[in-house]
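Chemist: could you look at this predicted model? Sequence included:
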Amino acid sequence: MSAEHPSITRFRDEHQRRGGTGEIVILPDSVHTAALAAEALGCEVGAIANSLLFDAEATPVLVLTSGAHRVDTALVRATIGGPELRRAQPDFVREHTGQVIGGVSPIGHPAPVPTYLDSWLRRHDVVWAAAGHPAAVFSTTYDELLELTGATPIDVARD
């Protein structure tokens, strides 16, 4: 990418505004899965924080989960309460995050989105998450990600 994509620029501005300290990395190729991101970054797949948006009866719910986990929606629903969590459709994701699936960042959405952070991610000194585009990621720590997002820590999978 010669010119920075506008969604990365918006992320960069929001990251700085919130006091984020991590490095923003633009990779040569899209890393729309945790496995691709981990391979490109040379880290464990579990250190990738996937931003998964769910549709809870037209209300967005963002779950930041370790790439080593599949979100147990029944467990998450039992923990947070509310309606059933369904996988969000691409238009719903773009409407509520301003970003596309595979590049949804944990911050910088058009309006606040209830956010939950996989407590399992605290096992990693460095966590990587999307930076608003499928080829952009940023480094952070579990504690900083919690602070940046205002997320509620929860268990998202039964280990």
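Modeler: Yep, it's here.

Chemist: end-to-end on stretch 136-148?
Modeler: Terminal residues of stretch 136-148 are spaced 18 Å apart (Cα to Cα, to the nearest Å).

Chemist: and what of stretch 50-63?
Modeler: Using Cα to Cα, the two ends of stretch 50-63 sit 8 Å apart.

Chemist: so which bits of that stretch are buried?
Modeler: Buried residues in stretch 50-63, counted by 16 or more other Cβ atoms under 10 Å: Asn50, Ser51, Leu52, Leu53, Phe54, Asp55, Ala56, Pro60, Val61, Leu62, Val63. Any C-beta I mention is one placed from the backbone N, CA and C, and that applies to glycine too.

Chemist: of those, closest to Pro106?
Modeler: Set against Pro106, the nearest of the buried residues of stretch 50-63 by Cβ to Cβ is Ser51 (5.4 Å).

Chemist: hmm, that closest one is touching Ala130, no?
Modeler: Yes. When contacts are counted by Cβ atoms under 8 Å, Ser51 is listed as touching Ala130 (5.7 Å).

Chemist: contacts only, for Glu23.
Modeler: Phe138, Ser139 (Cβ atoms under 8 Å, 6 or more residues apart in numbering).

Chemist: mind redoing it with 6 Å?
Modeler: Ser139 (Cβ atoms under 6 Å, 6 or more residues apart in numbering).

Chemist: just the pLDDT for it.
Modeler: For Glu23, the model assigns a pLDDT of 95.

Chemist: any idea how far it is from Gly150?
Modeler: Distance, Glu23 to Gly150, using Cβ to Cβ, to the nearest Å: 22 Å.

Chemist: just Tyr116 next, same as before
Modeler: 11 Å.

Chemist: higher neighbour count, the two?
Modeler: Tyr116 (23 against 13; other Cβ atoms under 10 Å).

Chemist: tell me where the protein has strands.
Modeler: Taking DSSP state E to define them, one finds strands in the chain at 24-26, 48-56, 59-66, 86-87, 115-118, 127-130, 136-140, 152-154.

Chemist: good, wrapping up.
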